[in-house]
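>>> the following block contains a protein sequence and its predicted model.
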Amino acid sequence: MNKLIIVDDDEIIRKGLSKTIAWQELGFELSGTAGNGLEALSLVEKALPAIVITDIRMPHMDGLQLTEELLGKYPDMKIILMTSFEEFEFAKKALKLKVFDYLLKPFDNEMLLETVNRAVAELNREQTVRKKVIDSMPLLRQQFFENLILDRMQKSELETESHFLGINLAADTYMVAMIKIDEYHSPEHRNRFGSEMLKYCVSNITEELSNSLQEHCFVFNHDGDEVIVLFAGDDESRDIENKASFMMEEVRKSVEKYLKTTVTIGIGTMYNDFGYIHQSFLEAKAVLDFRHITGTNQVLLAQDIHLQPPIETISLGAMEKELLVKIKLGMERDALTIIMNLEQEVADKKFVSLRHLHLLGTEIALLIYREFWEWIHTPQMKERFGEFNYFCQNIQVMRTFKEIFATIKEFISELITEICARRDSHQKQTKHSNLLKTTTIWSISQCKRLPTM
C-alpha cells in the first residue's frame with residue numbers, strides 16, 4: 001500500500017481531501033497531514049511516504065522550499081503541487097525542480113485521484129527498472145572490470161561508469177593478480193564440480209579472503225579458467241605488495257585444502273596511476289604464461305621473473321632416428337635418457353612457450369605411433385593410452401612441461417615393455433618350434449635304423 005501525506009495551511013482543504021476521498025479503499029495509506037513545510041518535513045521523516053500532495057503558498061516554509069528539501073533527500077518521491085492560477089509562475093519553477101505534476105485550483109477529487117494514480121504508475125515503472133538494474137548489476141560490474149583491465153575505456157567513461165556502479169577506484173596504488181585454475185579443463189573435475197562451479201568456488205574463496213584487507217579489493221571472472229583480483233590501496237609502500245602476496249598465498253592454500261585442486265597465481269607490478277591497471281594485468285598474465293616451466297600451485301610475482309617473449313624452440317632433430325632405434329632394441333634407459341635430455345634443455349632455456357611444447361609432444365607421439373603402429377594397437381596399450389587422437393588431446397590440455405614429458409616417458413616405457421614381452425614370447429615360440437623340429441628329425445632317423453621285418 002502506497003503512503004501519502006497532504007500539506008496545506010488551509011485546515012478546511014486538509015480535512016476535505018482527507019475525509020472526502022476513501023484513500024484506504026483505493027489502495028492508499030494516508031499517513032497524516034501538515035499545515036506548513038516544516039511540519040511536513042518532520043512528518044515525512046517519520047512516515048516516509050511515496051507521494052506528497054502540497055500547496056505552494058504556506059507560512060514558515062512554502063511548497064517550493066519543501067519540494068527542494070524533499071527531492072534532495074528522497075529523489076524518488078513524487079511531489080504533486082496544488083496551485084491557483086495566480087501562482088502559475090511558481091508552478092513553472094517547481095517543474096524545474098522535477099515535481100511529478102501540479103493541479104490548478106479548484107480541482108475535483110477525480111482529477112486528484114487520476115494524478116495520484118499516474119504517480120503510482122510512475123513509481124511502479126521506476127521500481128521495475130530499478131529491479132532490472134539491480135539484477136543486472138553483477139553483469140554490469142563484470143563488463144566494467146573487463147573493459148578496465150583490457151584498456152577499452154577513456155578516463156571520463158571510467159569515472160562515469162564507476163560512479164554509476166558504486167565502484168570506488170580512488171587510490172594511491174593499483175595492482176592486478178590473476179588466478180589460473182590448473183585443472184579447469186580436467187575431465188575429473190568436470191565430473192566432480194563442473195568447470196563453472198569450480199570457478200565459482202574459487203571466486204567465493206577469494207572474495208571471503210579479500211574481506212580481510214582494508215584496501216579496496218575487487219574480484220571478478222575473466223576468460224575460462226581465470227579469476228582476476230584488482231588491488232587498489234592507499235599506501236604507496238611495498239606494504240600493499242606484501243598484503244596482496246600473503247592474501248594470494250592464502251587463496252592458493254584454501255583452494256588446495258577445500259576444493260582438492262590447485263591454482264597458480266600471477267601478480268603484476270604495483271603502479272601509482274589507474275591508467276596502468278592494464279599494464280599490471282598484462283604482467284600478471286605474462287607471468288602465468290610460463291607456469292609450464294616454473295611449475296603450478298604457487299604464487300608468482302612479476303618482479304621476481306625476468307619477462308621476455310617466448311622465442312626459444314626445441315626439436316628432436318637428429319635424435320629422432322636414435323630414439324626409434326633404442327625403442328626397437330628395447331633399450332629403455334637409453335631411450336628415456338634422450339627424452340630427459342630434451343626435458344633438461346627446455347628447463348635450461350626457460351622461455352619455450354606452452355604451445356610449442358604441445359606441438360613437440362604431438363610430434364614425438366606421431367613419430368612413435370607411425371613407427372610402432374602394430375605394437376601400440378594392442379588391448380593393453382589401447383586401454384592405457386588410447387588412440388593417437390586421444391593421446392594428443394591429453395597432451396594439449398597439460399599445463400606444465402613436466403606433465404608433458406612424464407606422459408611421453410611413461411608411454412615409451414610401456415611401449416618398450418610391450419615390445420620386449422612380444423619379442424620374448426616370439427623367441428620362446430621359435431625355440432619350441434625348433435625343438436619340435438629337432439625331435440621329429442631325430443625320431444625319423446631312429447626309425448630308419450630299426451630292423452625291417
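Everything's here; your move.
>>> where does pLDDT dip in the stretch 251-400 of the chain?
Judged by pLDDT under 70, the stretch 251-400 of the chain has its weakly predicted residues at 305-315, 350-351, 381.
>>> just the buried residues of stretch 243-251, please?
By 16 or more other C-beta atoms under 10 Å, the buried positions in stretch 243-251 come out as Lys243, Ala244, Ser245, Met247, Met248, Glu250, Val251. Bear in mind the C-beta positions are built from the backbone N, C-alpha and C, glycine included.
>>> same question, stretch 144-154
By neighbour count, with 16+ other C-beta under 10 Å as the criterion, the buried positions of stretch 144-154 are Phe144, Phe145, Leu148, Ile149.
>>> so what's the residue sitting nearest the centre point of the chain closest to, chain neighbours aside?
Centre of the chain computed as the mean C-alpha position; nearest residue by C-alpha atoms, centre = their mean is Asn221, 1.6 Å away. Excluding its sequence neighbours, the residue lying closest to Asn221 (C-beta to C-beta, 6 or more residues apart in numbering) is Val227, at 5.9 Å.
>>> the one you found and Cys201 touch, don't they?
No. Under the criterion of C-beta atoms under 8 Å, Val227 is not in contact with Cys201, lying 10.4 Å apart.
>>> between those two, which one's more packed in?
Between Val227 and Cys201, Val227 has the larger neighbour count (other C-beta atoms under 10 Å), namely 23 against 16.
>>> hmm, who's touching the helix or strand harbouring the more buried one?
Under DSSP states H and E, the secondary-structure element containing Val227 is strand 226-233. Residues external to strand 226-233 that are found in contact with it (C-beta atoms under 8 Å, 6 or more residues apart in numbering): 145, 148-149, 168-181, 199, 202-203, 206, 210, 213, 215-222, 239-240, 243-244, 248, 274, 277, 281.
>>> pull the residues that contact stretch 198-208.
Stretch 198-208 is contacted from outside by 179, 181, 184, 189, 193, 219, 221, 225, 227, 229, 251, 254-255, 258-259, 261, 263, using C-beta under 8 Å, 6+ apart.
>>> ramachandran coordinates for Met178?
The phi and psi torsions at Met178 (degrees, to the nearest 10) take the values phi -120, psi 130.
>>> counting neighbours, what do you get for it?
27.
>>> so which residues of the stretch 301-450 of the chain form helices?
Using DSSP state H, counting those that start in this stretch, the helices of the stretch 301-450 of the chain run over residues 319-328, 332-349, 354-371, 373-376, 379-385, 388-396, 401-449.
>>> and the ones you listed, which is most packed in?
Taking mean count of other C-beta atoms under 10 Å as the contact definition, the stretch among those with the greatest mean neighbour count is helix 354-371, which reaches a mean of 18.
>>> and that helix, what other elements does it pack with?
In terms of contact count using 3 or more C-beta pairs under 8 Å, 6 or more residues apart in numbering; DSSP states H and E, helix 354-371 is assigned the packing partners helix 319-328, helix 388-396, helix 401-449.
>>> ok now it, how far from the chain's centre?
Centroid separation for helix 354-371 versus its chain: 32 Å, with C-alpha atoms, centre = their mean, to the nearest Å.
>>> one more: stretch 141-156?
Relative to the chain's own centre, stretch 141-156 is displaced by 15 Å; criterion: C-alpha atoms, centre = their mean.
>>> gap between the two ends of it?
17 Å (C-alpha to C-alpha, to the nearest Å).
>>> per-residue confidence averaged over it?
For stretch 141-156, mean pLDDT rounds to 88.
>>> one step back: lowest average pLDDT across the helices and strands packed on helix 354-371?
Comparing mean pLDDT over these, the weakest stretch is helix 401-449, at a mean of 70.
>>> helix, strand or coil for Leu213?
coil (DSSP: H, G, I helix; E, B strand; the rest coil).
>>> list the contacts for it?
With contacts defined as C-beta under 8 Å, 6+ apart, Leu213 is in contact with Phe231, Lys243, Met247.
>>> just give me the least confident of those.
pLDDT across the contacts of Leu213 is at its lowest for Lys243, which sits at 85.
>>> any idea which helix or strand comes after the strand holding Val227?
On the C-terminal side of strand 226-233, the closest following helix or strand by DSSP H and E is helix 239-258.
>>> need the next SSE after that next one, C-terminal direction.
Defined by DSSP H and E, the subsequent element after helix 239-258 is strand 263-267.
>>> for the stretch 51-200 of the chain, what spans make up the helices?
Taking DSSP H, counting those that start in this stretch to define them, one finds helices in the stretch 51-200 of the chain at 63-73, 88-96, 109-149, 155-165, 187-192, 195-210.
>>> Phe290: which of those helices is closest?
Phe290 sits nearest to helix 109-149 of all the helices of the stretch 51-200 of the chain, at 19.8 Å, using C-beta to C-beta.
>>> which residue packs closest to Ala34, ignoring adjacent ones?
The spatially closest residue to Ala34, leaving aside those adjacent along the chain, is Ala40, at 4.0 Å (C-beta to C-beta, 6+ apart).
>>> for the one you found, grab phi and psi.
With angles defined as degrees, to the nearest 10, Ala40 sits at phi -60, psi -40.
>>> could you check how far it is from Ile79?
With distances defined as C-beta to C-beta, to the nearest Å, the gap from Ala40 to Ile79 amounts to 11 Å.
>>> now Gly37
Taking C-beta to C-beta, one finds Gly37 at 12 Å from Ile79.
>>> dump the helices of the stretch 301-450 of the chain to TSV, plus distance to Lys98.
Supplementary listing: the helices of the stretch 301-450 of the chain in TSV, determined by distance: least, C-beta to C-beta, whole Å:
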stretch	distance to Lys98
helix 319-328	79
helix 332-349	68
helix 354-371	58
helix 373-376	78
helix 379-385	72
helix 388-396	60
helix 401-449	64
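>>> what's the closest of the buried residues of stretch 144-154 to Phe391?
Closest approach to Phe391 among the buried residues of stretch 144-154 (C-beta to C-beta): Ile149, at 36.6 Å.
>>> with adjacent residues omitted, what lies nearest to the closest one?
In space, Ile149 is closest to Phe281, 4.2 Å off (C-beta to C-beta, 6+ apart).
>>> check contacts around that neighbour.
Contact partners of Phe281, counting by C-beta under 8 Å, 6+ apart, are Ile149, Leu150, Val176, Met178, Ile228, Gly268.
>>> let's see 7 Å
Residues in contact with Phe281 (C-beta atoms under 7 Å, 6 or more residues apart in numbering) are Ile149, Val176, Gly268.
>>> what sits against the first one?
In other words, Ile149. Residues counted as contacts of Ile149 (C-beta under 7 Å, 6+ apart) are Val176, Ile228, Ile277, His278, Phe281.
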